[in-house]
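1. model this:
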Amino acid sequence: MDGDWFDVSEVRELVPGIGVPARRAVEDATHRLQALGPAALSDSELLCVLGVATTEADVKPLLAHGLPHLLDAPEVAFEVAPQLATRLFAALELGRRIPLRRDERPKLTGPAAIAEWARERLVQHRREEAWVLCLNPRNALLRSDRVAMGGADHCVIDPREVLAPAVACRASGLVLVHSHPSGNPEPSVPDVALTRRLVASAKLLHITLLDHIVVADRAHVSMLERGLLDPPRRGPVIRLDDVEVD
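-> Residues are numbered from 1 along each chain as shown. All right, here's what the predicted structure looks like:
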């Protein structure tokens with residue numbers, strides 16, 4: 001790996017005013033990143049390179065329960081170390097946006113493609129989340145919005161929050177996606193009932209609910225494929241990309 005792409009002296013600018021021992025820790029972590037790449041660094045070393053932390057005492061409160069815990073409970077990080085948490089979450093958000101910007105409007109042509117899209121964004125969290133994906137008539141993604149966040153095994157989804165983004169961007173169709181952190185993607189009875197209510201509500205707005213997909217870390221369930229959606233009046237639907245929307 002080329003070691004010239006990052007000047008170690010720049011570390012002093014990242015963390016102004018730090019003492020010699022702290023600067024040494026930052027520089028050591030930076031040297032390791034240059035030589036071995038970012039994957040070789042520990043969480044604490046990555047935080048040092050970012051300028052988020054400079055000593056072990058800085059790192060301990062943020063990593064007490066691991067980085068995934070910070071994503072699930074950011075308010076804890078802000079309570080423990082507000083300035084450090086601000087830098088960390090800014091860096092994490094930039095990292096999340098980079099792969100998304102490579103393909104701003106991906107074409108999601110079936111349940112498997114949608115589940116893969118969702119799995120990259122949802123399953124690392126310990127809470128249930130619900131997202132709505134708004135699609136145009138060619139199944140290109142217009143926008144995606146998180147519409148609910150719950151606990152480990154429950155998430156209250158307001159149909160108004162699901163439909164509002166689709167109306168705002170004049171989507172032809174939408175897909176509701178929610179996660180099951182338990183690892184079991186089987187939809188519950190309330191999940192199915194909500195889906196059928198959304199089908200009817202969306203139809204009144206001339207929007208088609210194309211699918212409701214439950215994702216877990218290694219599997220997913222498409223309610224379209226299970227036949228749990230009311231089929232359109234024009235006939236049965238076999239695949240998502242076969243659905244015609246007005």
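
2. neighbours of the closest residue to W117 other than its chain neighbours, just the number please.
-> Using CB to CB, 6 or more residues apart in numbering and skipping the chain neighbours, the partner closest in space to W117 is L108 (6.2 Å). Yep, even glycine has a C-beta here, placed from its N, CA and C like the rest. Counted with other CB atoms under 10 Å, residues neighbouring L108 total 24.

3. so, low pLDDT: which residues of this protein?
-> Applying pLDDT under 70 to the chain picks out residues 1-23, 37-39, 51-73, 76-77, 80-81, 83, 93-94, 96-105, 230-246.

4. mind listing the strands for the chain?
-> Counting by DSSP state E, the chain has strands at residues 129-135, 141-149, 173-179, 208-215, 220-222.

5. make JSON lines out of these and add mean neighbour count and distance to P82.
-> As requested, those are exported to JSON lines (neighbours: other CB atoms under 10 Å; distance: least, CB to CB, whole Å):
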{"stretch": "strand 129-135", "mean neighbour count": "24", "distance to P82": "25"}
{"stretch": "strand 141-149", "mean neighbour count": "17", "distance to P82": "22"}
{"stretch": "strand 173-179", "mean neighbour count": "26", "distance to P82": "29"}
{"stretch": "strand 208-215", "mean neighbour count": "27", "distance to P82": "33"}
{"stretch": "strand 220-222", "mean neighbour count": "23", "distance to P82": "37"}
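
6. tabulate these (CSV), appending distance to T30.
-> CSV is the format used below for the strands of the chain (distance: least, CB to CB, whole Å):
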stretch, distance to T30
strand 129-135, 35
strand 141-149, 35
strand 173-179, 36
strand 208-215, 37
strand 220-222, 40
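
7. alright, that wraps it up for me.
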